[in-house]
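Enquirer: let me see the structure of the following:
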Amino acid sequence: MSDANKAVVREYYRLLDAGDIDGIMGVIHDDLSWTMHGVGDLTRESIGPLAQGFAAAFPDMKHTISDQSAEGNTVTTPLTFMGTHNGDLMGIPASGKSVEIRGINVHEVVDGKIKGGETIIDLMGLMQQIGAVPGPGG
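Expert: Numbers count the residues shown, from 1 in each chain. From the prediction side, this is the model:
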């Protein structure tokens, strides 16, 4: 079961990178409860618009999974997010800058769908890289 659960999470990131919102909804549980630190709590109704927003802001986005571990229904996935800020991101106009940030996700997979999650990503690093906030010492 652990390998199957890891595959569900990998499929989610593949679909996200492809901007396939319908596909994403196919791997999201009806009772989704996902906390993305710095963004807020996500539900099934809010994850699609968030994914669309990131796909528009970073049309070339790519998630690279460095490793995964799974125990029971819990899948832990450290990853790297890369992309070029070519569209509006939460009111921040496109900068044309390339970004690379790290994050870690812990997902609960139930019945072959992502039911819960917690995401910690370097949002400050992202904002610094697109020029929305100054970097250290700047």
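
Enquirer: just the residues contacting whichever strand or helix holds residue 14, thanks.
Expert: Per DSSP states H and E, residue 14 falls inside helix 2-18. For helix 2-18, contacts defined as CB atoms under 8 Å, 6 or more residues apart in numbering pick out 23-24, 27-28, 51, 54-55, 61-63, 65, 68, 70-73, 75, 77, 79, 105, 107, 109, 112-114. No exception for glycine: its C-beta is placed from N, CA and C like everyone else's.

Enquirer: return the subset of those lying in strands.
Expert: Judged by DSSP state E, the contacts of helix 2-18 include 28, 62-63, 65, 70-71, 75, 77, 79, 105, 107, 109, 113-114 as members of strands.

Enquirer: give me the buried subset of those residues.
Expert: Among the ones in strands among the contacts of helix 2-18, the ones that count as buried by 16 or more other CB atoms under 10 Å are 28, 63, 70, 75, 77, 79, 105, 107, 109, 113-114.

Enquirer: now for those: which two are most distant?
Expert: Farthest apart among these by CB to CB are 79 and 113. That separation is 19.4 Å.

Enquirer: let me see the contact set for residue 23.
Expert: Residues in contact with residue 23 (CB under 8 Å, 6+ apart) are residue 15.

Enquirer: any figure for the gap between it and residue 15?
Expert: Look at residue 23 and residue 15: by CB to CB, to the nearest Å, they are 4 Å apart.

Enquirer: ok, residue 49 next?
Expert: Using CB to CB, residue 49 is found at 15 Å from residue 15.

Enquirer: which one's more surrounded, the two?
Expert: Neighbours per residue (other CB atoms under 10 Å) separate residue 49 from residue 15, with residue 15 holding more: 19 against 11.

Enquirer: next one: that one from residue 88, what distance?
Expert: From residue 15 over to residue 88 the distance is 22 Å, taken as CB to CB.
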